[in-house]
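Asks: Based on what follows, work out the 3D shape:
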Amino acid sequence: MISLTLACTSSDRTRPLMDGRFRVPGCDITFLPGEPEDIFRRALRDRAFDISELSMGSHIVTTARGDSPYVGVPVFLSRAFRHSAVYVRTDRGIRSAADLAGRTIGLPEYQQTAALWVRGFLREHYGVDTKSIAWRTGGERVAITLPEGFDVKPLGRDLEAALEAGEIDALIGPRPPRCYLDRSAPVDRLWPDTRAEEQAWFKATGFFPIMHCLAVRKDIAERHPWLPVELFRAFAAAKKASVEELRLVNVLRVSLPWIAAEAEAQIAAMGGNPWPYGFRRNRDEIAAMIRYAVADGLAAQQIEPEALFHPSVLDLPDLA
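Replies: Coordinates of the predicted model:
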């Protein structure tokens, strides 16, 4: 039995492991729940955890330049469509994605996975020249070096305050800005009907954007090469149980009245597996993320998707 620390957000996919319903064989795991920003910063700067939820954007950046302290497991603890993450000043004549060209846009970090996805679909799906945009950041969790031709600089002040004051034209962020929520400034989502836009994009691409993966610190994986496989199996079983729980109708496990019917509809819309784990099933999507990172100047070199994950887990199937 080995003792390990594991940092991740608490969700329906992770709580079955946190509360002991599912266990990782051979492991006594101390779970350290937290918010992603803090977890990623401590993992990447301090190598603070044996196992960690990890930003896919940062994992691609560090793996491509050869200094990643972690190796991935294709357990995708966070996924999210990100059309809803684009907020624009409505007094700037921005009516479509094309209107973002040449603008000044804020984002928490240039390497943030949500921003990676937004820049990627702006380029490839909507035809926006993202290099024409002045990107203004709140800082980076790990240092990045970009090639010539990318206008990326720290803003030097609070991004939401800058949006409210009209100092930037738009903001990309996973949380709604205060001025959008309280309507204190002329700010709205670029796509007001984000669900319809996201569903159309999903139909065109087949991608449900991966945000975070599970990762094992490399020294731990080297000492215990069996660990990535056992982690994958345990997390896949926990996720399968969480999805099945949504469909229970004898006693609703989620505090929403029609959650079971909504779950059935969304499971069908997503092809039967609404939250797929596993490398082979997700390889094309991961390859697209690497392509985006190269186009953004974030990835120092083109890498194969396999390079991000421990070799023992590449062929493991998900438990749909």
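Asks: if I pick the closest residue to residue 315 other than its chain neighbours, what's in contact with it?
Replies: The shortest distance from residue 315 to any residue other than its chain neighbours is 6.6 Å, reached at residue 280 (CB to CB, 6 or more residues apart in numbering). The way it works is simple: take the backbone N, C-alpha and C, and place the C-beta from them, glycine included. By CB atoms under 8 Å, 6 or more residues apart in numbering, the contact list for residue 280 reads 314, 315, 317.
Asks: distance of residue 280 from residue 76?
Replies: Using CB to CB, to the nearest Å, residue 280 is found at 13 Å from residue 76.
Asks: one step back: what is the nearest of the contacts of residue 280 to residue 225?
Replies: residue 314 (13.6 Å; CB to CB).
Asks: Find the nearest non-adjacent residue to the closest one, please.
Replies: With sequence-adjacent residues excluded and distances taken as CB to CB, 6+ apart, residue 314 is closest to residue 279, at 4.8 Å.
Asks: and if you look at residue 302?
Replies: In this structure, residue 302 finds its nearest non-sequential neighbour in residue 294, 5.7 Å apart by CB to CB, 6+ apart.
Asks: okay, the contacts of residue 280 in TSV with distance to residue 22 and neighbour count next?
Replies: Formatted as TSV, the contacts of residue 280 follow (distance: CB to CB, whole Å; neighbours: other CB atoms under 10 Å):
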residue	distance to residue 22	neighbour count
314	23	15
315	22	9
317	17	12
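Asks: For the residues you listed, please prepare CSV with the additional fields distance to residue 176.
Replies: Output for the contacts of residue 280, formatted as CSV (distance: CB to CB, whole Å):
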residue, distance to residue 176
314, 37
315, 40
317, 37
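Asks: which one of these is nearest residue 12?
Replies: Of the contacts of residue 280, the one sitting nearest to residue 12 (CB to CB) turns out to be residue 317, at 21.2 Å.
Asks: so who does the residue nearest to the closest one when sequence neighbours are not counted touch?
Replies: Excluding the flanking residues, the one nearest residue 317 by CB to CB, 6+ apart is residue 278, at 5.8 Å. By CB under 8 Å, 6+ apart, the contact set of residue 278 is 74, 236, 316, 317, 318.
Asks: Quick check: the last one touching residue 276?
Replies: Put plainly, it is residue 318. Yes: the pair residue 318 / residue 276 is scored as a contact, 5.5 Å apart, by CB atoms under 8 Å.
Asks: Nice, that's everything, thank you.
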